[in-house]
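Asker: Task: produce atomic coordinates for the following.
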Amino acid sequence: MLQLTYPWLLLLLPLPLLIYLLAPAYSEPRLAVRVPFMGLLLRLTGQQAGSEAASIRRTPLQKAQLLLSWVAIVIALARPTWMDQPMVQELPMRDLLVALDLSGSMETRDFTDEAGNTSDRLSAAKQVLDQFLSRREGDRVGLIFFGSAAFVQAPFTEDLDVVRELLDEAQVRMLGPRTMLGDAIGVAIRLFERSEVDERVLIVLTDGNDTGSMVPPLRAAEIARDNGVTIYPIAMGDPEAAGEQALDEVTLNSIAAATGGEYFHADDREQLDLVYQALDRLNPKQVETASYRPEHELYHWPLGFAIILSLLFFAQSELRMFLASRAARGPEAGA
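Answerer: Prediction:
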């Protein structure tokens, strides 16, 4: 669709006509020689003296060129723009962060893979997480790994393929054998500080208990709540185990309650898959649509047309003056 950015400038179109009708004609004083015997010359030549000033007359073609040039310039000033069809863009309204436990206990082989074969906990978690992330189109997703330390593996991004590839590279004990759950939540909070969306979700998958974080998990959960972060802990371990491999369900339940989230526990791969299906229902994809229409400026076309007409006008004027001068010198050259 064609539209003008400044349509009111079209009011300038009749300006040359108003100037022609209302403004006095242009005149230029010139030097002249007074001849005392002018009357005698006029009688001898049979001519009459005129009192009107000489005027330059334009040909119809030149007048049309000037008129079209003015119209083209005014249209260029009005900034014609071609508007394409509206385009709709989906903008993510939620940042989803996944924190994955890579402590030594994640190598325990008490889960099964898709083929039904015995698998370690981390492999089962990666398979189910991969399927979960494949359904999060429209969310910005980040990835945190934690063990004896916690660090950001992938900042928030809409490129889910990259996140899934980085998830596939995770290995047990790559960050040490321990479980720093509180530190992982703290790293997540710092990452969420750069988030500009209202809904912030942290999914924590672990199979043990906190083993010495600088910030206790419950205190970290309170800070997360104050920053608008909702935490969904998912446990894979055995609550009856002893030592560092024991699953602290009380703390995980408290973390979920403090932030308004929900605690899940999975004993096998099938239950783990059901957990992520439940998260899909609790946190359906949310997007904000923004529509815009691409604009293409067209002012250069009428402006270029006006420039070409002006060049043709001056070229014709120069050609006429050259031919007139050559005609005037013709008789003298023949003599």
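Asker: if I read this right, Pro217 contacts Gly182, doesn't it?
Answerer: Yes. Counting by Cβ atoms under 8 Å, Gly182 is a contact partner of Pro217 at 4.3 Å. Just so you know, the C-beta spots here come from the backbone N, C-alpha and C atoms, and that holds for glycine as well.
Asker: Quick check: neighbours shared by these two?
Answerer: Common contacts of Pro217 and Gly182 (Cβ atoms under 8 Å, 6 or more residues apart in numbering): Asp210.
Asker: ok, those two, which is more surrounded?
Answerer: Neighbour count, other Cβ atoms under 10 Å: between Pro217 and Gly182, Pro217 has more, with 27 against 24.
Asker: ranges for the helices of the protein?
Answerer: Assigned by DSSP state H, the helices in the chain fall at 15-22, 38-45, 60-77, 121-134, 160-168, 181-192, 217-226, 249-259, 269-282, 300-334.
Asker: what angle do the fourth one and helix 160-168 make?
Answerer: Taking axes from the mean of the first three to the mean of the last three Cα atoms, to 10 degrees, one finds helix 121-134 and helix 160-168 inclined to each other by 180 degrees.
Asker: Least confident secondary structure element in this protein?
Answerer: One helix or strand of the chain scores below all others by mean pLDDT, DSSP states H and E: strand 287-292, with a mean of 55.
Asker: still on that earlier bit, from the helices of the chain, which stretch is densest packed?
Answerer: Compared across the helices of the chain, helix 181-192 shows the largest average neighbour count, a mean of 23 (mean count of other Cβ atoms under 10 Å).
Asker: Now do the residue nearest to Ala150 when sequence neighbours are not counted against Leu96, distance only.
Answerer: Using Cβ to Cβ, 6 or more residues apart in numbering and skipping residues adjacent in sequence, the residue nearest Ala150 is Ala184, 4.1 Å away. Using Cβ to Cβ, to the nearest Å, we find Ala184 at a distance of 15 Å from Leu96.
Asker: ok, now Phe314?
Answerer: Note on Phe314: its distance to Leu96, by Cβ to Cβ, is 67 Å.
Asker: And Arg320, by the same measure?
Answerer: According to Cβ to Cβ, Arg320 and Leu96 sit 77 Å apart.
Asker: ok, now Gly116?
Answerer: Note on Gly116: its distance to Leu96, by Cβ to Cβ, is 30 Å.
Asker: which one of those two has more residues nearby?
Answerer: Leu96 (24 against 8).
Asker: Help me confirm that Ala4 comes into contact with Ala76.
Answerer: One correction, residue 4 is Leu, not Ala. No. With contact defined as Cβ under 8 Å, Leu4 does not reach Ala76; the gap is 10.5 Å.
Asker: So for the two, which residues contact both of them?
Answerer: With Cβ under 8 Å, 6+ apart applied, the contact sets of Leu4 and Ala76 do not overlap.
Asker: Tell me who's in contact with the residue nearest to His296 when sequence neighbours are not counted.
Answerer: On the basis of Cβ to Cβ, 6+ apart, the spatially nearest residue to His296 that is not a chain neighbour turns out to be Trp82, at 4.5 Å. For Trp82, the contacting residues are Met1, Leu2, Glu295, His296, Leu298, by Cβ under 8 Å, 6+ apart.
Asker: Over to Gly260?
Answerer: By Cβ under 8 Å, 6+ apart, the neighbours of Gly260 are Arg225, Thr230.
Asker: do the same with the one 4 residues further on
Answerer: The contact partners of Phe264, taken as Cβ under 8 Å, 6+ apart, are Tyr232, Pro233, Ile234, Ala235, Val275, Ala278, Leu279.
Asker: Distance to Arg164 and pLDDT added to these, as CSV?
Answerer: Shown next, in CSV, are the contacts of Phe264 (distance: Cβ to Cβ, whole Å; pLDDT from 0 to 100):
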residue, distance to Arg164, pLDDT
Tyr232, 19, 92
Pro233, 22, 92
Ile234, 18, 90
Ala235, 23, 88
Val275, 18, 82
Ala278, 21, 77
Leu279, 16, 76
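Asker: Switch those residues over to a markdown table, and while doing so, append distance to Gly260 to every line.
Answerer: Below are these laid out as a markdown table (distance: Cβ to Cβ, whole Å):
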| residue | distance to Gly260 |
| --- | --- |
| Tyr232 | 10 |
| Pro233 | 13 |
| Ile234 | 16 |
| Ala235 | 18 |
| Val275 | 18 |
| Ala278 | 16 |
| Leu279 | 14 |
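Asker: ok, so of the residues you listed, who is nearest Asp110?
Answerer: Ala235 (13.1 Å; Cβ to Cβ).
Asker: what's the burial count for the closest one?
Answerer: By other Cβ under 10 Å, 24 other residues sit near Ala235.
Asker: Which parts of the protein belong to which domain?
Answerer: Using automatic domain parsing, the domain parsing of the chain gives 2-22+57-85+294-334, 89-290.
Asker: would TSV of those domains with distance to Arg43 be doable?
Answerer: As requested, those are exported to TSV (distance: least, Cβ to Cβ, whole Å):
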stretch	distance to Arg43
domain 2-22+57-85+294-334	25
domain 89-290	88
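Asker: closest one to Leu42 among the ones you listed?
Answerer: domain 2-22+57-85+294-334 (22.6 Å).
Asker: dump the residue contacts of Arg121.
Answerer: Ser105, Met106, Glu107, Thr108, Arg109, Asp110, Phe111, Asp207, Met236, Gly237.
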